[in-house]
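Q: got a sequence here, can you model it:
(chains A and B)
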Amino acid sequence: MTAINTDNIQSQMKKGVLEFCILSIIQRGEAYPSDIAVELKESGMQVLEGTLYPLLTRLKNAGYLEYRWVESTTGPPRKYFTMSKTGKQFYLSLESTWKEMASAVHKITKH
Amino acid sequence: MDKILQINYQNRTLQIEESAYQAFQTYESELKTFFLKEEEGAETFADLQNRMAEILEQKNALSTIVMKDIDELIATIGRPADFDENYTAETTQEKKAPVEEKRKLFRNKKDKVIAGVCSGIANYFAIDPIAVRLIFALFSICTIITLFEFPIGIVAYILFWIFLKPKQLEINVTQKLFRNPKDKVLGGVCSGLAHFFNTETWLVRLVV
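A: Sure, this is the predicted structure:
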């Protein structure tokens, strides 16, 4: 009999939602990774930049995000991410899944 | 206060205390080892090096970089042990995987004698196109023999030709149809057919 790994359950839950949140932010407009991390943190979702950067790269490689380089006088050039058309479709499907799920969970748990 | 070094990191010039620099180098190679495990990791690692250079430059704007700054940098980016391990390469690839197309019936552009009809049908059922061609041929012979009174074969073929869309199909054969030269009475036809239909040879000979 295997013990339930609670860390795993929490990170599984977070995993599904994190991509949705990241795409939500990018959907509003061009975004810089560290700014995304700050916004997530301010909203109560902590994510290490070391988790965020590879996730953004994977979303980009999957075709959901695009990026451009922006030069800066005060630092190294920055990658700014935007959402592609397929990214938008993916985001919308995540959004409807989230809404359904959140509504269902809310109904079930409020009693 | 220990020795202050002037270093060049990612094309940025920085002033940093020696002990802080050593700590930074150790951390950087931790990240490198972690990310370079995967192919995609090289790009991520490069992005993080760039980001770290940005952080260091910001810290340096105020004063020489010290150990505390490196600790804060590590806290922002995180240690590999703390990264969400769930974000493996498979995660996003799973989502990219296309939905299985419903098995459709096409004419086969790739393998055709006349219009690829038999090949397409054969592909759909995962059998040797030869088998399908034979059937059509037999029906066509019926057509001719009955002087076009029962033109099943040819009409059917023309209908398929019209209604099936052409498509490049890969060879999809699990059941091949051959004459069996090893076990033959005349030309090994019954034996080959028996193998194709997975029945006994004598049964086929009986039918024929």
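
Q: now do the longest helix belonging to chain B: everything it contacts.
A: When chain B is parsed with DSSP state H, its longest helix is helix B:41-62. Applying CB atoms under 8 Å, 6 or more residues apart in numbering or on different chains, the contact partners of helix B:41-62 are A:33-34, A:49-50, A:53-54, A:57, A:74-79, B:9-12, B:14-16, B:24, B:28, B:31-32, B:34-36, B:65, B:69, B:72-73, B:76-77. For every residue, glycine as well, the C-beta is placed using N, CA and C.

Q: repeat that for 6 Å
A: With contact meaning CB atoms under 6 Å, 6 or more residues apart in numbering or on different chains, helix B:41-62 is reached by A:53-54, A:57, A:75-76, B:9-10, B:12, B:14, B:32, B:35, B:65, B:69, B:73.

Q: buried ones in it?
A: B:41, B:43-45, B:47-57, B:59-60 (16 or more other CB atoms under 10 Å in any protein chain shown).

Q: circling back: least confident pick among the contacts of helix B:41-62?
A: The lowest pLDDT within those belongs to residue A:75, with 87.

Q: SS state for that one?
A: coil (DSSP: H, G, I helix; E, B strand; the rest coil).

Q: so who does it touch?
A: B:54, B:57.

Q: for the closest residue to chain A within chain B, give me its contacts.
A: Using CB to the nearest CB, the closest approach of chain B to chain A is made by residue B:78 at 3.1 Å. Taking CB under 6 Å, 6+ apart, we find residue B:78 in contact with A:48, A:50.

Q: at 8 Å instead, please
A: Residue B:78 touches A:48, A:49, A:50, A:51, counting by CB under 8 Å, 6+ apart.

Q: surely the second one meets residue B:76?
A: Yes. Applying CB atoms under 8 Å as the test, residue A:49 and residue B:76 come out as touching, 5.7 Å apart.

Q: tell me which residues in the helix ranked longest in chain A are buried?
A: As assigned by DSSP H, the longest helix anywhere in chain A is helix A:85-109. Using 16+ other CB under 10 Å as the burial criterion, the residues of helix A:85-109 that qualify are A:87, A:90, A:91, A:94.

Q: right, and the second one touches residue A:20 too?
A: No. Assessed by CB under 8 Å, residue A:90 is found out of contact with residue A:20, at 9.5 Å.

Q: got any residues that touch both of residue A:49 and residue B:76?
A: residue A:37.

Q: about what we covered before: closest to residue A:8 among the contacts of helix B:41-62?
A: residue A:54 (19.2 Å; CB to CB).

Q: give the buried residues for the strand or helix carrying that closest one.
A: Per DSSP states H and E: residue A:54 is located in helix A:49-61. Within helix A:49-61, the residues scored as buried using 16+ other CB under 10 Å are A:49, A:50, A:51, A:52, A:53, A:54, A:55, A:56, A:57, A:58, A:59, A:60.

Q: local confidence estimate at the spatially closest residue to the second one that is not a sequence neighbour?
A: Counting by CB to CB, 6 or more residues apart in numbering or on different chains, residue B:78 is the residue found nearest to residue A:50 once chain neighbours are left out, at 3.9 Å. The confidence metric pLDDT takes the value 95 at residue B:78.

Q: with adjacent residues omitted, what lies nearest to the closest residue to chain B within chain A?
A: In chain A, the residue that lies nearest chain B is residue A:48 (3.1 Å; CB to the nearest CB). Nearest residue to residue A:48, sequence neighbours excluded (CB to CB, 6+ apart): residue B:78, at 3.1 Å.
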